Structure formats: C-alpha cells, structure tokens
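Visitor: no FASTA, just this:
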C-alpha cells in the first residue's frame, strides 16, 4: 500500500495505490490552503478506501522545486506518516514527475516552472513510456529570455510556467496538453513504485524539500 502526495503547486493532490494499482485519488479542495486541507483529504481518502494509516507500506512525496510552503508541508506530512506507520519514504523530483506525464511516445521534453522574478526552474528529460524519465539537463534556474533563446523548432515543452508563457512561444515549438502541465499525485506514486521495486528508498531523517533557491526573505536577509 503506497500513499502519494503532490503539494508543489496550489493544485495539490493525493493518491493511494494498492498492489501496484491506483485505488483512489483526490484533489485538495479549491480555496483552502495546503496546511488546512492536506491532512483531512488524506484521512478522507483512506477512510473511503477502508485503509488505516498503519497499513501504509510506503509514502511518496514530490520534493520540488515548487511552492516553498507547499513543499514544506508535503514533506513534513510524508515524513510524519512514514514514521508513524513504519513505512518506506520516497521523494520524487517535481520536474521528473511532470516530464513523465508529457507524452506517450519516446521524446525529449523540457519542463519549466515559474521561479518568480522572471525566472524559470528548468529541466530536460528523455521520456520513454514504461520507464522513469532520463535526466538530460538537471534542474537549474534560467531567465525567461535565456530559455526562449535556446528553444529549437520541434522542441516539446511542458510545465505550469506555460500558463504565462504559452502565448509568447514560437509556433514551431510543441506544447504538451495543458491538462498535463502540473504534477499529479498519481504520477508521483507510479514513479515511486518503480523506485521501490528497485529497492531505492530515502532516509526518513535526511529527506528534505528541494527548493533550488533561497526564499525571498532569505535573499533579502543575505543582502543586509
């Protein structure tokens, strides 16, 4: 039994897998913060599936990049559940999750998330159906103009930053379907099951969110 959490964006979700198959999934309620709704949503999901938290064998969570607050809450919740249930803990990269959703055909895909300040979290992956995406360019932070400048005709792009950027991209750059731009707990869970099958798990005490940058408050404090 594996529970997957995706809280890197405002549209967070949770999913439950039983015997390697999706058993239940739920979005967190719109209009409520992740802090308000994550734990109640998990409780409802488990109750509907007639599963106790102590039955969970693994907890998977998106580690980032993404929302500072959302990632922190998701990782803390995952670690708390894993500790209480004695379950394995598996962290998944948010960009890898989004890349895995981008295409059902073998392809290279660029993933972009809004990093604020006219910058992007960027990663590039080789996607093969039935396998975890292969990292071709590890997560980095790019200025929006620099990212646009490196695009080539036929490139496939995806990610929630496209909500702001899609209309300004060249027409010969392909975009994944907009319903696949954000990470989903179902994909977090499916990728985590692959890691679990290979014996790849994370340490409960050392797993942390991958913010990839300081918060605005931290950067301001460093400038003093």
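Guide: Yes, it's here. These numbers were taken from a predicted model, which means no experiment stands behind them. Numbering: from 1, shown residues only.

Visitor: hey, let's count contacts and neighbours off CA atoms from now on
Guide: Will do.

Visitor: Quick check: next helix or strand after the lengthiest helix in the chain?
Guide: If you go by DSSP state H, the chain has its longest helix at helix 68-85. Heading C-terminal from helix 68-85, the first helix or strand you meet, by DSSP states H and E, is strand 88-93.

Visitor: Return the distance of that next one from the chain's centre.
Guide: 11 Å (CA atoms, centre = their mean, to the nearest Å).

Visitor: What's the first helix or strand after that strand?
Guide: Note on strand 88-93: by DSSP H and E, the next helix or strand toward the C-terminus is helix 94-101.

Visitor: packing partners for that following helix?
Guide: strand 58-64, strand 107-114, strand 119-127, helix 185-197 (3 or more CA pairs under 8 Å, 6 or more residues apart in numbering; DSSP states H and E).

Visitor: which residues sit against that helix?
Guide: 8, 62-66, 109-112, 122-123, 125, 127, 132-133, 135, 139, 158-159, 180-184, 187-188, 191 (CA atoms under 8 Å, 6 or more residues apart in numbering).

Visitor: Let's check: the centremost residue of this protein is which one?
Guide: Centroid-nearest residue in the chain, with CA atoms, centre = their mean: residue 94, separated by 3.0 Å.

Visitor: Quick check: pLDDT value at that residue.
Guide: Note on residue 94: pLDDT of 98.

Visitor: Could you check how far it is from residue 7?
Guide: Going from residue 94 to residue 7 by CA to CA, to the nearest Å gives 10 Å.

Visitor: Break this protein down into its domains, please.
Guide: Under the assignment automatic domain parsing, the domains of the chain span 2-94+182-222, 95-180.

Visitor: and the last one, how far out from the chain's middle?
Guide: Using CA atoms, centre = their mean, we find the averaged C-alpha position of domain 95-180 to lie 14 Å away from the chain's own average C-alpha position.

Visitor: so how far is the first residue of that domain from its last?
Guide: Domain 95-180 has an end-to-end distance of 12 Å (criterion: CA to CA).

Visitor: Which secondary structure element of this structure has the lowest mean pLDDT?
Guide: The weakest-scoring helix or strand in the chain, judged by mean pLDDT, DSSP states H and E, is helix 216-222 (a mean of 50).
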